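[1] Here is my input; please provide its structure:
(2 chains)
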Amino acid sequence: MIRIAKYVLYDIVRNRFILLYTLLLLTVTLSMYSLDSDPGKSTLSLLNIILLVVPLVSIIFTTIHFFNSYEFIELLLSQPVNRKTIFFAEFLSIAFALSCAFLIGVALPMVILNFNSSTPYLIMAGLLLTFVFVALAFGASVSTRDKAKGIGVALLFWFYFTLIYDGFVLYVIYSFSDYPLEKVTLLLVSLNPIDLARIIILLKLDLSALMGYTGAFYKHFFGSSMGIAYSFSFLILWTLVPLMLAMRRFVHKDI
Amino acid sequence: MKCTILLLSIILPFYASAKTWMVDQKGNMRSIKSALGLARNGDTIRVMPGTYREGNLIVQKSVAIIGTNFPVLDGENKYEIFTIAAHDVSVIGLRLINTGVASINDISAINAIESNQLRVLNNRFENTFFGIHLANCSGSLIENNTLLSDLEAKRQIGNGIHAWKCDSITIRNNTVNGHRDGIYFEFVTNSLVENNVSHHNMRYGLHFMFSHNDEYRSNIFQDNGAGVAVMYTKGVRMTGNRFEDNWGASSYGLLLKDIRDSFIEKNQFSKNTVGVYMEGSSRCSFSQNIFKENGWAVKIQANCDDNVFLKNSFLSNTFDMATNGSLVLNTLDYNYWDNYQGYDLDRDGVGDVPFHPVSFYSMVVEKMPSSVILWRSFLVYLLDRTEKVVPSITPENLKDNHPVMRNY
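    Modelled structure (predicted):
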């Protein structure tokens, strides 16, 4: 598995896209810290990068890469190699490459320029989001045969989690605003990895935003170590479940 | 020469008559009560160190009671310590502890009734139900006292400095901690509250009603259960105070209800759930205040009118402003908003496009508190942006026409 992963990694690095991505993240992070005098504000702007760009790039890059290396996968499958091994090798190498890009592009400057109590959470959330969206991209890729269609499904995932789902949550809150909704929203938010990551980071950054009774409830929940464990484990579930589903599909797929 | 002798002969007898009584547990006079019995108007009672358990002391003469090295007056959790019913009384340098607790009477460490020109200076109050209770005491001075009460130990707790129907009193350099209301005023007029620290009180740091023309200067109100609430008053002047760390669902840096013709200047509001909450207030002027890191910097209900916000700074607040209606009768001008995204083409330091401090989402959160969970999501960002371009729910007229580009 490691050998296959190594070849895939070589391929990814040769591609140069990942280098560009790293550079992009690095420039954005550095410029944000140098532009704004208030480091708290730059961290908030970085939050947007983590919540929008990281998932988008992860999911699109993975899908494109999967379809581009379709022939390589076919070649491997003709050898006596377990399909699971190939699948996990692909997943691990892509996730590894994207995580490295994130670590160098965002985490490293952040640790150097503005390390505070929220930094580890930001980094963890960014990494887990990368993993989640790579796994989702595999789901999109294995369920389609065509590259364009695959990218379409991947984009749809991204749209769904960044916009459509939140719209749905807002609609639910609006329709049932006469009822106590704290626990319901808690559950609803757990069903969206981007929301989960956002709340983890926000509670560490912008506490005033979640004040008031409702805010106090969320803070009580997410702010406790139990809540943090809960949200991180949900993010891990968000990686594992799509990954397992994609793997089952891949194993039985007629390639 | 003759004149001097004449003058001396007039003045000296008065001096001579002002006697000093020494109360010492090792001396001849062992109780304050007996000294109070013997003293006459104008006398001084000096209390030497020790612990005095004398129940309730009633002062009906104009005397000065001065402690040396903080003698302890213990109310044994049963009694009111001083009941003062005379003018020109001074209580200086005592340590007053453990008053009784009651639900009908306001048992206090110092309870002054119709006692003008009272002076309470340099005392320490510990575990008192009410600390200092003034009823109809004009011209009094409360200075350099420390009032500390243990919230956990007692279910019931009274106010730190409680004043009812007083005029021209001064409250300066006191620290109040762990009471119900730190400073409580009702029908207190023309008074000055200066340099006090009121923190960790159960309810309000400062609470007043019907107390016109008072001035509050350089006080600190910190981490009180519900912040500071002031009501039904006109002519309030608040300058240089700090309102900090008042967090909670019904906690406000400063709550103004029916306040009229008042000035709120150069104060700092930081880390409160709501910096300033205004209801039914008119003709108040807010200038040069700093609103920093609050949940809502200002919540202004639509029933407020003719209030002016001039040259304030709004920094790192989650929401700069919120309101509950579309009617706007207040003015904002020349404030600094760190959320302002306009430009200044003519470089005169004033932004060329008006700033609308009420965001769409602050209106949404006002209506549906649960929706705060979506704060800072991409959807909310888009909604806020759309609303900025085409305002539909946010009040169009609530805007700062001259937002300054640089912080004051």
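
[2] which stretches of the stretch 151-255 of chain A aren't confidently modelled?
    Within the stretch 151-255 of chain A, the stretches with pLDDT under 70 are A:206-216.

[3] does stretch A:132-150 come close to chain B?
    No. Stretch A:132-150 lies out of reach of chain B by CB under 8 Å from any CB of the partner chain, never closer than 14.7 Å. Glycine gets a C-beta too; all of them are placed from N, C-alpha and C.

[4] Can you report the mean pLDDT over the residues of that stretch?
    Stretch A:132-150 shows a mean pLDDT of 93.

[5] What lies in contact with that stretch?
    With contacts defined as CB atoms under 8 Å, 6 or more residues apart in numbering or on different chains, stretch A:132-150 is touched by A:54-55, A:58-64, A:66-67, A:87, A:90-91, A:94-95, A:98, A:153-154, A:157-158, A:193, A:235, A:238-240, A:242-243, A:245-247, A:249-250, A:253.

[6] if we go to 6 Å?
    A:55, A:58-59, A:62-63, A:66-67, A:94-95, A:153-154, A:157, A:193, A:238-239, A:242-243, A:246, A:249-250 (CB atoms under 6 Å, 6 or more residues apart in numbering or on different chains).

[7] ends of that stretch, how far apart?
    One end of stretch A:132-150 sits 17 Å from the other (CA to CA, to the nearest Å).

[8] Narrow the contacts of stretch A:132-150 to those that are buried.
    Buried residues within the contacts of stretch A:132-150, counting neighbours by 16 or more other CB atoms under 10 Å in any protein chain shown: A:55, A:58-59, A:62-63, A:66-67, A:94-95, A:153-154, A:157, A:193, A:238-239, A:242-243, A:246, A:250.

[9] tell me the contacts of the residue lying closest to residue B:31 once chain neighbours are set aside?
    Distances taken as CB to CB, 6 or more residues apart in numbering or on different chains place residue B:54 nearest to residue B:31, at 5.7 Å, with adjacent residues excluded. Shown in contact with residue B:54 (CB under 6 Å, 6+ apart): B:31-33.

[10] wait, which of those is closest to chain A?
    Nearest to chain A out of the contacts of residue B:54 is residue B:32 (CB to the nearest CB; 48.7 Å).

[11] before we move on, back to that, near chain B, which of the buried ones among the contacts of stretch A:132-150 show up?
    Among the buried ones among the contacts of stretch A:132-150, no residue is within reach of chain B (CB under 6 Å from any CB of the partner chain).

[12] Residue B:182 reaches residue B:202, doesn't it?
    No. Using CB atoms under 6 Å, residue B:182 is not in contact with residue B:202, being 9.6 Å away.

[13] ok, the two, which is more surrounded?
    residue B:182 (32 against 16; other CB atoms under 10 Å in any protein chain shown).

[14] Can you get me the start-to-end distance on stretch B:333-344?
    With CA to CA as the measure, stretch B:333-344 spans 16 Å from end to end.

[15] who's in contact with that stretch?
    Contacts to stretch B:333-344, defined as CB under 6 Å, 6+ apart, come from residues B:309-315, B:351-353, B:355, B:400, B:402-405, B:407-408.

[16] From those, list the buried ones, please.
    Counted by 16+ other CB under 10 Å, the contacts of stretch B:333-344 give B:309-315, B:351, B:355, B:400, B:402-405 as buried.
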